[in-house]
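Undergrad: Using only what follows, build the 3D model:
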Amino acid sequence: MKEAGSPTIAQDKATAVVFGMPKEAIALGAVDVVLPLDQISKAILELAASDNSTRQRDKQSPRANVQGRPTLTPQMDVLKRREPPS
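TA: Down below sits the predicted model:
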């Protein structure tokens, strides 16, 4: 996901029941930020909000936000195009 430009978040060891998958992603350098479980949803909402404000502010560079981190633009575009399940 990170290689495709998506921001990546992993759950920290202290709040994970099983830390195997997050541990491997962190070890591979495939994670942008490690957070406790109770902070992950807030981080996702902040990424989505910054992505939306970035797109409104700078139509020429929709994938660069003010922190210089990747945004959710490609993923949000895919989700917006998807049809709801029948």
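
Undergrad: Is there a neighbour count for A10? I'd like the number.
TA: 20 (other CB atoms under 10 Å). Where C-beta positions appear, they are placed from N, C-alpha and C, glycine not excepted.

Undergrad: quick one, what contacts it?
TA: The neighbours of A10, taking CB atoms under 8 Å, 6 or more residues apart in numbering as the test, are 22, 25-26, 31, 33-35.

Undergrad: who touches V34 in this structure?
TA: V34 makes contacts with 9-12, 22, 26, as judged by CB under 8 Å, 6+ apart.

Undergrad: what about 7 Å?
TA: If you count contacts by CB atoms under 7 Å, 6 or more residues apart in numbering, V34 has them with 10, 12, 26.

Undergrad: can you tell me which of the residues you listed lies nearest to A49?
TA: In terms of CB to CB, no member of the contacts of V34 lies closer to A49 than A10, at 20.8 Å.

Undergrad: Give the bridge partners for the closest one, please.
TA: Listed by DSSP bridges, the beta-bridge partners for A10 are V34.
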